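> Let's see this in three dimensions:
(one chain, ligands or ions: 2)
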Amino acid sequence: MGQPLLHHLQKVSALGIIIAALLPSMASAKAVQLHSPDRQIHIQLTDDNNQAHYQVNFDGKTVINPSKLGMVFKQLGRIDQQLQIVDVTTHSNDSTWEQPWGERQFVRDHYNAMTVKLKHNELVFNVEFKAFNDGIGFRYHFPKQAALAQYTTLDIIEELTEFSLPDAHQSQAWWIPGRGWNRYEYLYQHTPVSKVDRAHTPFTAKLSSGVHISIHEAALTDYAAMVLDQRRDGTFRADLTPWSDGIRVKTKPGFTTPWRTIQIADAATGLLNSDLILNLNEPNQLGDVSWVQPGKYIGIWWGMHINENTWGSGPKHGATTSETKRYMDFAAQYDFDGVLVEGWNIGWDGSWFHNGDVFSFTQSYDDFDLLKVTEYGLKQGVRLVGHHETSGSVTNYRNQMQDAYDLYQQHGVTQIKTGYVADGGDIKRVDENGVVHHEWHDGQFMVNEYLYSIQQAAKRGISINTHEPIKDTGLRRTYPNWIAREGARGQEFNAWGTPPNNPSHTAILPYTRMLSGPMDFTPGIFNLAPEGLDAVNRVQTTLTKQLALYVVLYSPIQMAADLPRNYVERLDAFQFIQDVPTDWQQSIAISGEIGEHVVFVRQNRANNDWYLGALTNETPRSVDVKLDFLDSAKKYQAQIYRDGDKAHWLTEPYDYVIETKAVTAIDTITLKMAASGGTAIRFKAL
Ligand code: NOJ
Ligand code: CA
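Ligands and ions are numbered 1, 2, ... in the order given. As a prediction, the model looks like this:
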């Protein structure tokens, strides 16, 4: 397999990969190095002291101090000592691939790679590194081999991968707690890196050197999710979420881990423009996916969250045939593709929370006629968006899954929102012997369970929008019907959350959660305070910030989450929601700082129009935006939805101005945003 190291040295030097003997006194120690194509990022792996450590620099600045690699298996013990680099092979790539839907149609996949073979006694394993201009990825591969021939299973007790960040007291982090009861649904904390306890990924930091990084993973399949556990100041261990029996990962010889990823950029916006996570996923495995349709939807949903309706039966039941038809009429009139209906199926009466066994996924309540509503919708070009709340009883769901997906397929439903409401660690798994186990949402069992639902749905031409999901690791590239997911605090928290989402929440999301993939945040609340501006539970934004979310928080499916009557009252502002597309030719983050503000521009995939979304945290601010992204040969009408002079999320959230301006690519416009305000613009090509 491998070639002698010295021979290799000559062979790969063109790629900027160097293999050198280190100190003469440690003749056996080796160092292998890799550069990104633009040579800004530099990775070094050494086997000093017979341990494997990697380190990463960017532009000459330390991003990752020497950090350990290794694994502990039940069957093999610790694999982190007596390690030796025995071979390295390299390759590089510069190609472009096409997304069926996404933030951009074409993605450039440009990297240098090295696979380093490490030896531990008789055992060999590989660590494969890829260096892109926007960050790095690495993963382990334990091939089948004589030393493992006697093992049919391998149980991972611990992954020893570390990420050691420099200057932990001065570097800053934005993070949510890992292994918490509320899964990923937390407000972000902004602290020195040294104050982080155990954090989910994407984990984003601004190092004291000014370099911005985000640690995450790509292509998480048949493995446990990694949370980051700070063991010493700045040093984080890849802490794999265990099964209920304590094993982290149940695998076998020949396995490969997900990619451990570090996005790296000098500016915060660099993180937002990175395609690293998608590039580290496998290509589409589903073939023709023209049936996966981006689009916009409304739904019988917010009414339940603000207590106007109920999921369960009774006088306030939301999911009735007549109410669904009313929503479908509205959808048809204002050009929405779908109507989500929650609470249509038996099980919502009584206590479903923590008790998902009560749900039937095929039987409707008496006042909901699936056939009638789907036929009614299809005549007008509107589809029912299906809904399955499992409340974490995944065995109950799996037992009904084939029938449930068949039923929806028969009725022309092409998209289902699934839900896994249950406390972290409280997923109910019933094994073959009828014994109940409680699993984490991000353990290996659920990683596989979520993907199973995607694969089963794909067979029927159905796309899935997962709530209370496993975090996104870019699997939409491989399974484009995994169209969106939640996986952070969404709009629902403004209805009942304690506390609701604060003004900085959506100024942090782009730099954290959104780096992993599309989010079903459900923007577009127009009645920002159903119980009055002083109520605790209200939306802490201005109205135009709600519009900006459609551009800022990318998802191929976007909901107009409010009640139709609230849109009818403000049809002028609603026009933006009608116009904004959900599928893009390209996307560019042009200005922003983590937790402060963000400005995104995106080009409609269907024509030459551009859209801008800008939002700010509690601090009002002005941002100048050069329009040089526009086509220089064209003139545009800018349709601007902005905060008025008195606007403030707390006192004057409805003070907005809608105006138009003729602009071209040589112009600059100044965005003036109120406290927790925002701007949304459509640049209509003339
Ligand atoms: C939580 C989901 O995030 C929300 O959208 C849904 O309405 C409820 N679960 C009920 O399924
Ligand atoms: Ca949720």
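
> list the contacts for the residue of the stretch 1-150 of the chain found nearest ligand 1?
Ligand 1 sits closest to Trp101 of the stretch 1-150 of the chain, with a gap of 21.9 Å, by Cβ to the nearest ligand atom. Yep, even glycine has a C-beta here, placed from its N, CA and C like the rest. Taking Cβ atoms under 8 Å, 6 or more residues apart in numbering, we find Trp101 in contact with Val292, Pro294, Pro480, Pro556, Asp583.

> Name the nearest residue to the last one, ignoring sequence neighbours.
Once its chain neighbours are removed from consideration, Asp583 has its nearest residue in Pro294; the separation is 4.2 Å (Cβ to Cβ, 6 or more residues apart in numbering).

> what sits against the one you found?
By Cβ under 8 Å, 6+ apart, the neighbours of Pro294 are Trp101, Ile483, Pro556, Ile557, Pro581, Thr582, Asp583.

> if I pick the last one, what's in contact with it?
For Asp583, the set of contacting residues under the criterion of Cβ under 8 Å, 6+ apart consists of Trp101, Gly102, Pro294, Pro556, Asn604, Arg605, Ala606.

> try 10 Å
Listed by Cβ atoms under 10 Å, 6 or more residues apart in numbering, the contact set of Asp583 reads 99-103, 105, 293-295, 556-557, 602, 604-606.

> In strands, which of these appear?
Of these, the ones assigned to strands by DSSP state E are Gly295, Ile557, Arg602, Asn604.

> what's the neighbour count on the nearest residue to Val358 once chain neighbours are set aside?
Among residues not flanking Val358 along the chain, Gly347 sits closest, at 4.3 Å (Cβ to Cβ, 6+ apart). Using other Cβ atoms under 10 Å, Gly347 has 21 other residues around it.

> Could you report the separation of Gly347 from ligand 1?
In this view, Gly347 and ligand 1 are 11 Å apart by Cβ to the nearest ligand atom, to the nearest Å.

> correct me, but that residue touches Ser391?
Yes - at 8.5 Å, Gly347 and Ser391 qualify as touching, with contact defined as Cβ atoms under 10 Å.

> Find residues that contact each of these two.
Joint contacts of Gly347 and Ser391 (Cβ under 10 Å, 6+ apart) are Asn355, Gly356, Asp357, Val358, Phe359.

> For the fourth one, what are phi and psi?
When read as degrees, to the nearest 10, the backbone of Val358 gives phi -70, psi -10.

> Repeat that for the last one.
For Phe359, the backbone dihedrals (degrees, to the nearest 10) come out as phi -80, psi 130.

> where's it relative to Asp431, distance?
20 Å (Cβ to Cβ, to the nearest Å).

> Show me what from the protein comes close to ligand 1.
Residues of the chain lying close to ligand 1 (Cβ under 6 Å from any ligand atom) are Trp301, Glu342, Glu389, Gly419, Val421, His467, Glu486, Glu492.

> Adding secondary structure, neighbour count and pLDDT as columns, could you present the residues you listed in a markdown table?
Shown next, in a markdown table, are the residues of the chain next to ligand 1 (DSSP: H, G, I helix; E, B strand; the rest coil; neighbours: other Cβ atoms under 10 Å; pLDDT from 0 to 100):
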| residue | secondary structure | neighbour count | pLDDT |
| --- | --- | --- | --- |
| Trp301 | coil | 28 | 98 |
| Glu342 | coil | 23 | 98 |
| Glu389 | strand | 25 | 98 |
| Gly419 | strand | 20 | 98 |
| Val421 | coil | 16 | 97 |
| His467 | coil | 22 | 98 |
| Glu486 | coil | 24 | 98 |
| Glu492 | helix | 21 | 98 |
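
> coming back round to it: more neighbours: which of Phe359 and Asp431?
Phe359 (21 against 9).

> Whichever strand or helix holds Ala238: partners in the sheet, and parallel or antiparallel?
In this structure, Ala238 sits in strand 235-240 according to DSSP states H and E. Strand pairing for strand 235-240, using DSSP bridges, gives strand 162-164 (antiparallel), strand 226-232 (antiparallel).

> After that strand, which helix or strand is next?
With secondary structure assigned by DSSP H and E, strand 235-240 is succeeded by strand 249-251.

> what lines up beside that following strand in the sheet?
strand 154-159 (antiparallel).

> Just give me the neighbour total for the nearest residue to Ser290 once chain neighbours are set aside.
Leaving out its chain neighbours, the residue that sits closest to Ser290 by Cβ to Cβ, 6+ apart is Pro100, at 7.5 Å. Using other Cβ under 10 Å, Pro100 is surrounded by 19 other residues.

> For stretch 525-533, report the contacting residues that lie outside it.
Counting by Cβ under 10 Å, 6+ apart, 302, 305-308, 491, 494-495, 535, 537-543, 545-547, 549, 560-563, 565-570, 573-574, 577, 649-654 sit against stretch 525-533.
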